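Engineer: I need the structure of the sequence given here:
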Amino acid sequence: METVYDFILPKGYLDSTGELHKRGKMRLATAGDEISATRDPRVLQNPSYLTIVILSKVVTEIEGVDSISATLIERLFTADLAFLQDMYQRINDIEPPTLTAVCPDCGRSFEVPLNFTGEG
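Structural biologist: Now for the predicted structure:
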């Protein structure tokens, strides 16, 4: 199972020396990442800051940058932030479980979503 994914930022992180950094890595999020992020004082003051804190935990590398912090994530161009948010959603998305069923009339196979909630 792949747990770390490479990326190339659309615009790139522009550091204080004017150098542009585009390549990086993001790992899958853990439950602990999300729980600790919701307890962060910055998130408690401003819930929209949650994205920044979570991304600072799961972005493990931006080439040529010593460490990833919430401050660094804040300094990304909005196109790069949107790109990372989308990537986070895609790699951490859980497909609902399905079951392959066969139609008794025509014999065709199809996928049926499994519902473990007991609701319709």
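
Engineer: all contacts plus neighbour counts: C-alpha atoms, from now on.
Structural biologist: Noted.

Engineer: Could you pull out the helices in this structure for me?
Structural biologist: Listed in chain order, the helices of the chain (DSSP state H) span 31-39, 41-45, 50-58, 70-74, 78-92.

Engineer: check contacts around the residue most central in space within the chain.
Structural biologist: Nearest to the mean C-alpha position of the chain, by C-alpha atoms, centre = their mean, lies residue 88 at 1.3 Å. The contact partners of residue 88, taken as C-alpha atoms under 8 Å, 6 or more residues apart in numbering, are 26, 28, 55.

Engineer: any idea how far it is from residue 73?
Structural biologist: Separation of residue 88 from residue 73 (C-alpha to C-alpha, to the nearest Å): 14 Å.

Engineer: what's the overlap in contacts for these two?
Structural biologist: Residues touching both residue 88 and residue 73 (C-alpha under 8 Å, 6+ apart) are residue 55.

Engineer: where's residue 59 relative to residue 28, distance?
Structural biologist: Distance from residue 59 to residue 28, counting by C-alpha to C-alpha: 9 Å.

Engineer: Reformat the helices of the chain into a markdown table and put mean pLDDT and distance to residue 8 next to each item.
Structural biologist: What follows is those, written out as a markdown table (pLDDT from 0 to 100; distance: least, C-alpha to C-alpha, whole Å):
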| stretch | mean pLDDT | distance to residue 8 |
| --- | --- | --- |
| helix 31-39 | 94 | 23 |
| helix 41-45 | 95 | 27 |
| helix 50-58 | 97 | 15 |
| helix 70-74 | 97 | 15 |
| helix 78-92 | 95 | 9 |
